[in-house]
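Visitor: Give the three-dimensional model of this entry:
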Amino acid sequence: MPTDAVTDLVLRPAGAEDAAAMADLYSAARVAAVPQMPSAMHTNAEDRHWMAGQLARDDHEGWVAERDAAIVGYALLSPTWLDHLFVHPEHLGSGIGSVLLDVVKSVRPDGFALWVFESNAGARRFYLRHGLVELERTDGSGNEEKAPDVRMAWPGADPLAFLRGLIDDVDEQLGDLLARRVALTRAVQGIKPDTSRDPVREREIAATLARRAPELGEERLARIVHTIITESLDAAAGGG
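Guide: As a prediction, this is how the structure comes out:
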C-alpha cells in the first residue's frame, strides 16, 4: 500500500479488536467537524456498538492507519461504497486521508461511491482533488441528520463502464416506478368520476419534482410529467 506521503504510518486491515478505537476516533472527528458537518445523532456507546457490527459483516471491511501504535485514521467500506473515511482531529492535514483513500482505490479498483454533507466543503475539495466526481445532490431527507448531501464517486479503472453501471441501476429503478405509476393510474381511473386531466395538479407535480431535481427545471419536468401521464393513461386504458 502507498506510504510515500506519510512514511511513519502503519496501514493494515481492521479487525474486530479495533472497533472501539475506530468508533472513538469517529466520535471525536464528528464533534470537531461541527459546523462543517451537522452534529452526530448518536452517543459514543452507540458508535461503538455500530462499528463492531459493521466490522463483523462479511460484506464490509476496514483499514486503519496507525502511528506509534495508535489509530489515527480509518476507512470503512462495502463492495461498492466508502462508508467512512475519518482522520483524528489532531492529525488533520498530515496526509493520512490521502494515504487511506489510496488504499481504498487499490482494494476497489472498479470504483466506489460515497456520501458527503453539502456543507462539508473541505471534504468535497479533498475528494475532487483526488479524482472523485460529484454525481447528485439531495435535500437530506434520506439521512439521519436531515442535512443536504452530495453523492460522489471514484469511477475506477474504467470510468465509462462504472458510470454506465450506475445509469443501469437508475434505469431499473425508473422502470419499477413507471410500472407503479401505470398501476396507480389504472386504479384512479377506476374510481374517478371525471376522466378529464387536471392541469393544476400536473403543474404541482412538476413543481414538486423540480425541487428534487433542480437541474432539470420546472419547464422540462412539466413536459416529462405530461408525457408520463399521457402514456400512463393510454396504457391503463389498454392502449397499444
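
Visitor: And the helices in this protein?
Guide: Remark: helices of the chain, listed N- to C-terminal, are 19-33, 44-56, 96-107, 121-129, 159-191, 199-212, 217-236; assignment by DSSP state H.

Visitor: now Pro214: how far from Ala113?
Guide: Using CB to CB, to the nearest Å, we find Pro214 at a distance of 21 Å from Ala113. Bear in mind the C-beta positions are built from the backbone N, C-alpha and C, glycine included.

Visitor: Compare those two (neighbour count), which wins?
Guide: For Pro214 versus Ala113, the count of surrounding residues by other CB atoms under 10 Å is larger for Ala113: 18 against 12.

Visitor: Pop the domain breakdown of the protein in here.
Guide: If the domains of the chain are taken from automatic domain parsing, they occupy 10-157, 163-236, with pieces of a single domain joined by a plus sign.

Visitor: The last one - what's its average pLDDT?
Guide: Translated: domain 163-236. Averaging pLDDT along domain 163-236 yields 92.

Visitor: what's the first-to-last distance across that domain?
Guide: Distances were taken as CA to CA, to the nearest Å; on that basis the terminal residues of domain 163-236 are 34 Å apart.

Visitor: Find out how far that domain is from the centre of the chain, if you would.
Guide: For domain 163-236, the separation from the chain centroid amounts to 24 Å (computed by CA atoms, centre = their mean, to the nearest Å).

Visitor: Stretch 232-240 now?
Guide: Distance of stretch 232-240 from its chain centroid, counting by CA atoms, centre = their mean, is 36 Å.

Visitor: would a markdown table of the helices of the chain with distance to Glu66 and mean neighbour count be doable?
Guide: As requested, the helices of the chain are exported to a markdown table (distance: least, CB to CB, whole Å; neighbours: other CB atoms under 10 Å):
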| stretch | distance to Glu66 | mean neighbour count |
| --- | --- | --- |
| helix 19-33 | 10 | 19 |
| helix 44-56 | 16 | 16 |
| helix 96-107 | 10 | 19 |
| helix 121-129 | 21 | 15 |
| helix 159-191 | 31 | 12 |
| helix 199-212 | 43 | 14 |
| helix 217-236 | 49 | 15 |
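
Visitor: possible to save the ones you listed as JSON lines with distance to Asn143?
Guide: As requested, those are arranged in JSON lines below (distance: least, CB to CB, whole Å):
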{"stretch": "helix 19-33", "distance to Asn143": "13"}
{"stretch": "helix 44-56", "distance to Asn143": "15"}
{"stretch": "helix 96-107", "distance to Asn143": "21"}
{"stretch": "helix 121-129", "distance to Asn143": "15"}
{"stretch": "helix 159-191", "distance to Asn143": "19"}
{"stretch": "helix 199-212", "distance to Asn143": "15"}
{"stretch": "helix 217-236", "distance to Asn143": "24"}
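
Visitor: Select, out of those helices, the one closest to Arg67.
Guide: When those are compared for distance to Arg67 using CB to CB, the nearest one is helix 96-107, at 8.2 Å.

Visitor: State the distance from Ala147 to Ala179.
Guide: In this structure, Ala147 and Ala179 are 32 Å apart, going by CB to CB.
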